[in-house]
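> Have a look at this prediction, sequence included:
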Amino acid sequence: MPRFKAVYAFLLAMVCLTSDSFGQAAPAPGAVAGKSAVFVRSVTFQQTKLGGQVNPWNRMQVEIQANTVPEAKPAAGAEASKLLNKKWVDKVKVTVTQIYKTASIKPEDWNYYRSTATVLTIEVNQPRSVLFYLPGDVVKRDTLKKEPDYYYIQLEVAGNEEPLFDARGLVLADQKWALHKDLQSKAKFDPAKDAADRGVITTPGVLRPQYLVLYADTPVVPPSPEFIREDVPTR
């Protein structure tokens, strides 16, 4: 019996250690896909000069990848079309939210920005990048760093939202890059989202998808998909 208790204690300690490490480790770019139809493969931030603009803009690059295609019952005689569509995912909506802290400790006093871009179609296993920009004058006015203090990304496929968490409230393995490392549990994510939903009301249209930016970006811009134009500010 003592030996059994010792083995049990060792296994329990290993499970706790593994779970804790898994929850805190930073996700690696290009993580192996799980069951999400589309997942966030990597997120990077950069300050860049656009065209003849005086102040550098903040650029957020969200690399997404289609993993699987939701099953749909084909119409009669549509087998060829069904086969073709298994290689593409249409209408992928990418919504990013950025949170910048201020001198205040109150979340309601922080800066919140949100923007949306809808990808027309993306080929399975062919990563593409969606870019979002904060204007340089806003960056300078609000003394914003290159990278927000927190961010999260929500994906929808044909109107259906891709889950970020499992039934236990833990982030899904292939969506780790969709969330800042401090928001990777539902218990921490929900309060941040509630505050952001209120905060972005005052900043519609400030954070912009790439197709609304009129100036050329000087660094090499990664391959991007085609977009469905949505020129109305999104909350």
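On my side now, so go ahead.
> From the centroid of the protein, which residue is nearest?
For the chain, Ile153 is the residue whose C-alpha lies nearest the centre (Cα atoms, centre = their mean; 2.7 Å).
> Quick check: phi and psi on the residue nearest to that one when sequence neighbours are not counted?
The shortest distance from Ile153 to any non-neighbouring residue, by Cβ to Cβ, 6 or more residues apart in numbering, is to Ala178 (4.3 Å). For glycine as for every other residue, the C-beta is placed from the backbone atoms N, C-alpha and C. Main-chain dihedrals, Ala178, degrees, to the nearest 10: phi -80, psi -10.
> Need the three-state assignment for the residue nearest to the centre of the chain.
Here Ile153 is recorded as strand under DSSP: H, G, I helix; E, B strand; the rest coil.
> Surely it is in contact with Lys93?
No. Ile153 is beyond contact range of Lys93, at 10.7 Å (criterion: Cβ atoms under 8 Å).
> In the protein, what residue spans correspond to helices?
With DSSP state H, the ranges of helices along the chain come out as 2-24, 79-85, 136-141, 186-199.
> Against which helices or strands is the shortest one packed?
Looking back up the chat, that one is helix 136-141. Applying 3 or more Cβ pairs under 8 Å, 6 or more residues apart in numbering; DSSP states H and E, we find helix 136-141 packed against strand 57-66.
> among the helices of the chain, which gets the worst mean confidence?
Among these, helix 2-24 carries the lowest mean pLDDT, a mean of 38.
> Asp142: how many residues sit nearby?
Asp142 has 13 neighbours, counted by other Cβ atoms under 10 Å.
> show me the residues around it that make contact.
100, 111 (Cβ atoms under 8 Å, 6 or more residues apart in numbering).
> Could you measure from it over to Leu179?
23 Å (Cβ to Cβ, to the nearest Å).
> hey, which helix or strand in the chain has the poorest pLDDT?
Of the helices and strands making up the chain, the lowest-confidence element is helix 2-24, at a mean of 38, by mean pLDDT, DSSP states H and E.
> about what we covered before: just the pLDDT at the residue nearest to the centre of the chain, thanks.
Reported pLDDT for Ile153: 98.
> Next, the distance between the ends of stretch 168-179.
End-to-end distance of stretch 168-179 (Cα to Cα, to the nearest Å): 17 Å.
> quick one: contacts for the closest residue to Gln47 other than its chain neighbours?
Spatial nearest neighbour of Gln47, excluding adjacent residues (Cβ to Cβ, 6+ apart): Pro56 at 4.3 Å. Contacts for Pro56 (Cβ under 8 Å, 6+ apart) come out as 47-49, 136, 139.
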